[in-house]
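Asks: got a predicted structure here, sequence first:
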Amino acid sequence: MNTIKGLLLKDLYVFRNFKGNIIFSIFMFIFLIIIGSIERDIFTISSILFLFFFGMNSISSFSYDENALSDKYLLSLPISRKEIVFSKYLFVFLDSLISILGGILISFIITILVRGKMDNIGESLRICIIAFTSVSFLMCANVPCIYKWGVEKGRMQSVIIPALFIFLIGIFGSLLLLLFPQLYLNVNLLYLFKISPYICLVLNILFYTVSYLISYKIFLKKSI
Amino acid sequence: MEYNLEVINLVKNYQDFRLNKINIKLPKGKILGLIGENGSGKTTTIKSILNLMAYDKGNIKIFGKDSKNLTKKEREQIGVVLDDSFFSPILNVNDINKLMKHFYNNWNEKLYYDTIKKFKIPCNKPLKEFSSGMKMKIKVLCAISHEPKLLILDEPTNGLDPIFRYEIIELFNKFVSNGENSILMTTHITSDLEHLADEIIFIDAGKIILDIPKKEIDNEYGIVELLEENFSKINKEDYLKCLKYKNEHYLLVNSKLEFQKKYPELAIRKPTLEEVMLLLVKGD
């Protein structure tokens, strides 16, 4: 566990490098949310934007590691490949989690201060959880590409592979509805939305587990 | 004899290169210099020892145990300097100390900072602002500050000024002086090994072409410099290799005394490792 803490700390130091930019961006976000909230309730959209803006910065830690060939050095220390991959996933997950929680908290405080009340908090939180799962999907599709091809070479694959997944899911869904049109009438979308946090929890576990296992397998075979 | 490192018949095949049956035995208390030109297989050997890549055949033992089965505690007994890789350049000396404390249970913070002070390394400056020599100093410090038993060093004196090279050679000599610790060191700056190595292994095109105690090179090997007219008088079997440079022939002999007996009129001098390496690779 101590090693994982050290690896997380190493990645956190990368963030320190653009500490100024992060603080500036947070203040800009706060300013924009205040302005936007005067007209209407933008809690959901601001929380999601916060997540997309800050929750995907963890990828830069791969870039720093790649430039310094840090993985090679780390593997020469008493650190295993499993620990390196696990710490990366933990870092990616924590970055997304802190970003969505931070976004929700900031947006909530501002909305209450500016508007005095919040409409449909349950609905908004559900949408935030769905957005968080989408980010998890993107990140979990990205990380194995980075392990396979590197940050630079894997840039194109990092876009193509998630897009391909979404396309295939879309095709599968359309085919399903085409073959069984009664499904459309039978599926209760409202109910699905109600239980979406549970579905998202399962999906998040699935994305991270599958992605971690793929990345670990790739990294295990890799000559450093 | 007890060995801290044993490489037995190591083979690694690439499409255009083969590391062919490399054998290395590094006893306790000794420094072994692995030399060879670029692309000769030194780094492949180091990577195999450190399990950074898979090898095709052979066996590698560290502290008498298969290197793939070392426990975390046993891996903590190894210190490594790699020429081309380290932490991200945005980190500073204090950050590295904090990280290393997490990675090594026996990290000696006092030793680390004492040596930082001795080498006058600023603590809050990021690595990217250091010269390559300064960065190498920090790498060496990281390799020794957890008091390992085995040091594996890939080009550790690269980019260092002569004064620090001297300091670091002193440091390495002190490291092995307890008779328990060992160093495996690759370098192309062969002069560093002149006063440091106990044993020299010379790799060329993936093969070991010389594995010899340094003392033997000093006592048995010699260089004879000859002009064309004198060279024609020398029998081919009396020297190991010959290299013609400008108007002179340089002969490498591996039995100084015998050569001297046979050709008492010719001057013979002690070779440098660089000359031995050059003549073995380029000589006829």
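Replies: Received it, and whenever you're ready, just let me know what you need.
Asks: pull the contacting residues for the nearest residue to B:Gly36 once chain neighbours are set aside.
Replies: Setting aside the residues directly before and after it, B:Gly36 is nearest to B:Ile203 in space (C-beta to C-beta, 6 or more residues apart in numbering or on different chains), at 3.9 Å. (Glycine included, C-beta is placed from N, CA and C.) Shown here is B:Ile203, whose contacts under the criterion C-beta atoms under 8 Å, 6 or more residues apart in numbering or on different chains are B:22, B:34-36, B:40-42, B:45, B:209.
Asks: which bits of the stretch 101-250 of chain B sit near chain A?
Replies: Near chain A, the residues belonging to the stretch 101-250 of chain B are B:101-105, B:152 when assessed by C-beta under 8 Å from any C-beta of the partner chain.
Asks: what's the helix or strand A:Ile35 falls within in contact with?
Replies: A:Ile35 is part of helix A:19-39 when elements are defined by DSSP states H and E. By C-beta under 8 Å, 6+ apart, the residues outside helix A:19-39 that reach it are A:15, A:42-43, A:46, A:49-50, A:53-54, A:57, A:106-107, A:110-111, A:114-115.
Asks: is it true that A:Thr111 touches A:Ile45?
Replies: No - shown here, A:Thr111 and A:Ile45 do not form a contact pair, counting by C-beta atoms under 8 Å, at 11.2 Å.
Asks: top of the residues of the stretch 101-250 of chain B next to chain A by neighbour count?
Replies: For these, the largest number of neighbours (other C-beta atoms under 10 Å in any protein chain shown) sits with B:Ile152, at 25 neighbours.
Asks: that one and B:Leu52, how far apart?
Replies: B:Ile152 sits 11 Å away from B:Leu52 when distances are taken as C-beta to C-beta, to the nearest Å.
Asks: common neighbours of those two, please.
Replies: Shared contacts of B:Ile152 and B:Leu52, counting by C-beta under 8 Å, 6+ apart, come down to A:Ser76.
Asks: picking up where we left off before, list the strands paired with the helix or strand encompassing the residue nearest to B:Gly36, with their directions.
Replies: Taking DSSP H and E as the criterion, B:Ile203 maps to strand B:199-204. For strand B:199-204, the pairing partners within the sheet under DSSP bridges are strand B:31-35 (parallel), strand B:207-213 (antiparallel).
Asks: so for stretch B:136-144, mean pLDDT?
Replies: Across stretch B:136-144, the average pLDDT comes to 93.
Asks: contacts for that stretch, please.
Replies: For stretch B:136-144, the surrounding residues in contact (C-beta under 8 Å, 6+ apart) are B:79-82, B:86, B:93, B:96, B:100, B:111-112, B:115-116, B:119, B:121, B:127, B:130, B:151, B:153, B:156-160, B:164, B:168, B:171, B:175.
Asks: which residues of chain B fall in strands?
Replies: Taking DSSP state E, the strands of chain B run over residues B:3-13, B:18-27, B:31-35, B:57-62, B:65-66, B:78-81, B:150-154, B:182-187, B:199-204, B:207-213, B:222-227, B:241-245, B:248-253.
Asks: in JSON lines: these, plus mean pLDDT.
Replies: Compiled in JSON lines, the strands of chain B are given as follows (pLDDT from 0 to 100):
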{"stretch": "strand B:3-13", "mean pLDDT": "95"}
{"stretch": "strand B:18-27", "mean pLDDT": "94"}
{"stretch": "strand B:31-35", "mean pLDDT": "94"}
{"stretch": "strand B:57-62", "mean pLDDT": "95"}
{"stretch": "strand B:65-66", "mean pLDDT": "94"}
{"stretch": "strand B:78-81", "mean pLDDT": "96"}
{"stretch": "strand B:150-154", "mean pLDDT": "95"}
{"stretch": "strand B:182-187", "mean pLDDT": "93"}
{"stretch": "strand B:199-204", "mean pLDDT": "93"}
{"stretch": "strand B:207-213", "mean pLDDT": "93"}
{"stretch": "strand B:222-227", "mean pLDDT": "90"}
{"stretch": "strand B:241-245", "mean pLDDT": "89"}
{"stretch": "strand B:248-253", "mean pLDDT": "90"}
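Asks: and A:Cys200, which of those is closest to it?
Replies: strand B:78-81 (43.1 Å; C-beta to C-beta).
Asks: helices of the chain, start to end?
Replies: Since you didn't name a chain, this refers to chain A. Ranges of helices in chain A, per DSSP state H, are A:2-17, A:19-39, A:43-54, A:59-68, A:70-76, A:81-115, A:121-149, A:155-179, A:182-186, A:189-194, A:196-221.
Asks: right idea, wrong chain: chain B
Replies: Using DSSP H, the helices assigned to chain B run over residues B:42-49, B:72-75, B:93-103, B:109-118, B:132-144, B:162-176, B:191-194, B:214-220, B:228-231, B:256-262, B:273-282.
Asks: what's the angle between the third one and helix A:81-115?
Replies: Here helix B:93-103 runs at an angle of 120 degrees relative to helix A:81-115 (axes from the mean of the first three to the mean of the last three C-alpha atoms, to 10 degrees).
Asks: just list what helix B:93-103 packs against, helices and strands only.
Replies: Counting by 3 or more C-beta pairs under 8 Å, 6 or more residues apart in numbering or on different chains; DSSP states H and E, the packing neighbours recorded for helix B:93-103 are helix A:2-17, helix B:109-118, helix B:132-144.
Asks: now do the same for the residue located most distally from the centre of chain B: its pLDDT.
Replies: Centroid-distance maximum for chain B: B:Glu229 at 38.6 Å, with C-alpha atoms, centre = their mean. Among the per-residue scores, B:Glu229 holds a pLDDT of 79.
Asks: list phi and psi for A:Gly55.
Replies: The main-chain torsion angles of A:Gly55 are listed as degrees, to the nearest 10 and equal phi -80, psi -10.
Asks: quick check: it touching A:Ser99?
Replies: Yes - counting by C-beta under 8 Å, A:Gly55 does reach A:Ser99; the two are 3.5 Å apart.
Asks: these two: who's more crowded?
Replies: Set side by side, A:Gly55 and A:Ser99 give different neighbour counts by other C-beta under 10 Å, the larger being at A:Gly55 (26 against 22).
Asks: tell me the contacts of that one?
Replies: The neighbours of A:Gly55, taking C-beta under 8 Å, 6+ apart as the test, are A:95-96, A:98-100, A:132, A:135.
Asks: what is the nearest of those residues to B:Ser67?
Replies: Of all the contacts of A:Gly55, the one sitting nearest B:Ser67 is A:Asp95; the distance, using C-beta to C-beta, is 35.1 Å.
Asks: excluding chain neighbours, what is closest to whichever residue of chain B sits closest to chain A?
Replies: Using C-beta to the nearest C-beta, the closest approach of chain B to chain A is made by B:His102 at 2.7 Å. Leaving aside its sequence neighbours, B:His102 sits nearest to A:Gly6 (C-beta to C-beta, 6+ apart; 2.7 Å).
Asks: could you do B:Gln77 as well?
Replies: If the residues on either side of it in the chain are set aside, B:Gln77 comes closest to B:Lys149, at 4.5 Å by C-beta to C-beta, 6+ apart.
Asks: which residues are in contact with the residue in chain A that chain B sits nearest to?
Replies: Across chain A, the shortest distance to chain B (C-beta to the nearest C-beta) belongs to A:Gly6, at 2.7 Å. Taking C-beta under 8 Å, 6+ apart as the contact definition, A:Gly6 lies against B:98-103.
Asks: and of the contacts of A:Gly55, the nearest to B:Leu257?
Replies: Proximity of the contacts of A:Gly55 to B:Leu257 (C-beta to C-beta) peaks at A:Asp95, which lies at 70.1 Å.
Asks: thanks again, I'm all set now.
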